[in-house]
Structure formats: structure tokens, C-alpha cells
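Undergrad: Here is a sequence with its predicted model. Questions after.
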Amino acid sequence: MIETTSPERGHPPGLADRAAIRRRRLNAGLAILVLALALATALSIAVGARSIPAEEVLRALVAPDGGESSTIVRELRIPRTLLGLVVGLALGAAGLLMQSHTRNPIAEPSLLGVTYGAACAIVLSIFLFGVSGFTEQVWFALAGALLAGVGVFALASGGGRTPSPVTLILSGAAMTALLSGVTSAVVLLDHQSLEVFRFWRIGSLSGRPAEVTLQVLPFLATGLVLALANAPGLNALALGEEVATALGQRVWLTHAVGVLAIALLTGASVAAAGPIGFLGLMAPHLARWITGPDHRWALPYAALSGAVLLLLADVAGRILPASGEIEVGIVLAVLGGPFLIALVRRQRLHTP
């Protein structure tokens, strides 16, 4: 009679056991990230340029009295925190999709020209139509971002070919150059467009009306759903397009869904908060460091990591200066520069 081995007797676990152990660890990691996000959210509501005691913050949340502390917490900090939460989730997920679809470890969401699509639409709305309200500009920015994303995919798949990582990158660079030129021409011709563009391009969570989050939320939610649906296809594409096709994967459709998700997530985020760089670069690498290459796990890890990083960077920007605030886009640029240098050195990325 043959005796079987089992983990209970001290023998090495089998494949099924190792997979179960890995799932438990990754689920535990997700729980820790959710807890970290809850703590970052609490800090974002409780901490600011104006010091408010914890008991007053709690009172403003559960029993607002209409005083100064309640106004700051409920009308300024809570909308700002909610905007940071959804934008962080979106940019973290979009960064992972971008790096996977272009097979470029230093890619970030703005690579497909979506950021400059939003910028170009904003300055054109001011220059041509005199749009001055921020909530109206959001719709133009979102439309411009989506059109830029669709245009890049159309260029990359021209002639009936399946878009490849190289054609996506080249099409994105061409679209960025075109839209950047149009934007620069408009802001040089119109002073009002220049002033709005200078304020918008910094990337910030402050000064945004609460309605903005509600405006972009349906697009962000749709983009996150498409991103999750795209994850299994990305796992197949990681093996190579020929292998993915042999496995029954429709490569063209996988790229199309991914680009649409990137356009929705990046476009809505940029429309609401401006271009926030480096977040879509850092969050995916932190996620893969924990999960490995499986996109079904890396995607939620990247989204949650992006939200945590954005909220913590925003809090740091409020409390570091002696007076005033540092915009979150600047804080992340200071953090992202060394991160990019370390990434390039670690991966030994060289140009051919």
C-alpha cells in the first residue's frame, strides 16, 4: 500500500496547497490595504492647514453645528478626501493597464495623450465658447480626454492591423505632440486661457466643487469595471500575442477594452483634479512587488495603493509648509522623481 504525503505530516505542500496559501496571503494583503486606506481617509478629514481638535472633527461628522470647524470639515475636507479617493483608485488602476498594454515598466497613464486631450479641450472651451465655470470645464476636459484615447487607438490599429505596444506608444507620442502644440498656440493667443491652464496643470485636490466628484464618478466606475474585465486578457497577453491568440484570446478586443478603460479612468481623473504625475507609475510597481504578475490581483492592489498614496501625499502637502499648502501634484513629483531613478537603475533600462 502506497502512503501519501500531506502537509500535516511536515512534507512540502502540493500545488493546490501552495495556491491556497498564496490566496490567503493576498487576501490578507488586500485587507491591510483597505485598512490603510481607511486610516488615510481619516487623516485626510482630520488633518489640515488649520488645526482642529479631534473631538471637534468627530462632532462635525456626527452632529454638525454650523460653526467654522463644521464648515471646514464638511464642506472642504470631506469633498476633497472623496475626490482624492476616487482619483487615486483610478490612476493606480490606469497605470497598471498602461504598463501592461505597452509592456513598458516606466509608462504612466498620460502616455496615450489623454492628459493633453483634456488640457486642449479646456483651453478651447474658454477660447471659443467663453466657458468659465469649473463644473462646465470638467465636461469639456472629459470629452477631450476620451477623444484623444479613441484617436490613439484608431491610429495604432490603422490599416486593419492589431495594435501592438510599439504602435500604441508611437501613436500616443504623436497625439501628445499634436495636442500640446494646439494648446500652446491657444494659451499664447488668449490670456484667460493661459491663466486657467496654469492653475489646472499643477494637479490638485483643493478648490474643486463637491459636484465635480459626482460628475466624474460614473465614468470612473465604468473604467474600473472595464479594467477588472481586462485583467484575464492581460494575463494571456503577457505570454505573447501569438500564444494569447492560440489560447483563444481576441487580442484586438483586449487592447480595445484596455485603452477605453485607460481613457475613462485617466480622462475623468485629469478632468477633475488636473494632471497628477508619477502616481500611475509608482502604484503598479508597489502592487506587483507584492502580488507578482497576476493582473487579477495586481489590479485591485494598484488601485488601492494609488488611493492611499494620493491621500497621504495630499495630507503631507497641507502640513509640511509653514503657511499655505503644497499642491499634491508637486508632492508626488518630489516623491516620484527618486522612485523613477531607482526603478531605471534596478531594471537596467537602456536605450538601444
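TA: Cool, got the structure. Owing to the predicted nature of the structure, the values given are computational and were not obtained by experimental measurement.
Undergrad: Please count neighbours and contacts with C-alpha atoms only from this point.
TA: Noted.
Undergrad: Give me the three-state assignment for Arg50.
TA: Classification of Arg50 by DSSP: H, G, I helix; E, B strand; the rest coil places it in coil.
Undergrad: Number of residues surrounding it?
TA: 13 (other Cα atoms under 10 Å).
Undergrad: Likewise for Ile202?
TA: 16.
Undergrad: Same check on Phe127?
TA: Neighbour tally, Phe127, other Cα under 10 Å: 18.
Undergrad: Please report how far it lies from Ala94.
TA: Per Cα to Cα, to the nearest Å, Phe127 is found 30 Å from Ala94.
Undergrad: Same check on Val344?
TA: In terms of Cα to Cα, Val344 sits 20 Å off from Ala94.
Undergrad: Looking at the two, which is more packed in?
TA: Ala94 (35 against 14).
Undergrad: ok, now which ones touch the closest residue to that one other than its chain neighbours?
TA: Nearest residue to Ala94 in three dimensions, chain neighbours excluded: Ile262, at 5.1 Å (Cα to Cα, 6 or more residues apart in numbering). Ile262 makes contact with 94, 97-98, 109, 149, 223, 227 under the criterion Cα atoms under 8 Å, 6 or more residues apart in numbering.
Undergrad: I'd assumed Leu226 was in contact with Ala90.
TA: No: taking contacts as Cα atoms under 8 Å, Ala90 lies outside contact range of Leu226: 11.5 Å.
Undergrad: Between these two, tell me which one has more neighbours.
TA: Ala90 (32 against 19).
Undergrad: so who does the more buried one touch?
TA: With Cα under 8 Å, 6+ apart, Ala90 has these contacts: 220, 223-224, 265-266, 269, 303, 306.
Undergrad: Check Trp200 too.
TA: With Cα under 8 Å, 6+ apart, Trp200 has these contacts: 273-275.
Undergrad: what bits of the chain have low per-residue confidence?
TA: Low-confidence segments of the chain (pLDDT under 70): 1-14, 159-160, 322-323, 347-352.
Undergrad: Geometric centre of it: which residue is closest?
TA: Leu91 (0.2 Å; Cα atoms, centre = their mean).
Undergrad: I'd say it and Met282 touch.
TA: No: shown here, Leu91 and Met282 do not form a contact pair, counting by Cα under 8 Å, at 10.2 Å.
Undergrad: The longest helix seen in the chain - contacts with which helices or strands?
TA: Counting by DSSP state H, the longest helix found in the chain is helix 15-46. Helix 15-46 is packed against helix 54-62, helix 78-102, helix 295-319, with contacts defined by 3 or more Cα pairs under 8 Å, 6 or more residues apart in numbering; DSSP states H and E.
Undergrad: can you tell me which of the contacts of Trp200 are in helices?
TA: Using DSSP H, those in helices are Ala273.
Undergrad: hang on, isn't Ser44 packed against Thr81?
TA: Yes: counting by Cα under 8 Å, Thr81 is a contact partner of Ser44 at 6.0 Å.
Undergrad: okay, and the common contacts of these two?
TA: Contacts common to Ser44 and Thr81, judged by Cα under 8 Å, 6+ apart, are Leu311.
Undergrad: Spit out the contact partners of Pro163.
TA: Contacts of Pro163 by Cα under 8 Å, 6+ apart are 153, 156-157, 252, 255.
Undergrad: which of these tops the neighbour count?
TA: His255 (25 neighbours).
Undergrad: now that one: how far from Met175?
TA: Distance from His255 to Met175, by Cα to Cα: 18 Å.
Undergrad: next one: Ile106
TA: 19 Å.
Undergrad: Looking at these two, which is more packed in?
TA: A direct count of neighbours by other Cα under 10 Å for Ile106 and Met175 places Met175 higher, at 23 against 19.
Undergrad: Past the helix or strand encompassing the more buried one, which element shows up next along the chain?
TA: Assigned by DSSP states H and E, Met175 belongs to helix 165-189. Remark: after helix 165-189, the chain's next helix or strand is helix 191-200, criterion DSSP H and E.
Undergrad: Common neighbours of Leu91 and Met282, please.
TA: Joint contacts of Leu91 and Met282 (Cα under 8 Å, 6+ apart) are Gly306.
Undergrad: re the thing from before, closest to Trp139 among the contacts of Pro163?
TA: Phe153 (21.5 Å; Cα to Cα).
Undergrad: in what helix or strand does the closest one lie?
TA: helix 134-156.
Undergrad: and that helix, which residues are buried?
TA: 134-135, 137-156 (16 or more other Cα atoms under 10 Å).
Undergrad: next one: stretch 183-193
TA: Per 16+ other Cα under 10 Å, stretch 183-193 contains these buried residues: 183, 186-187, 192-193.
Undergrad: No more questions from me, cheers.
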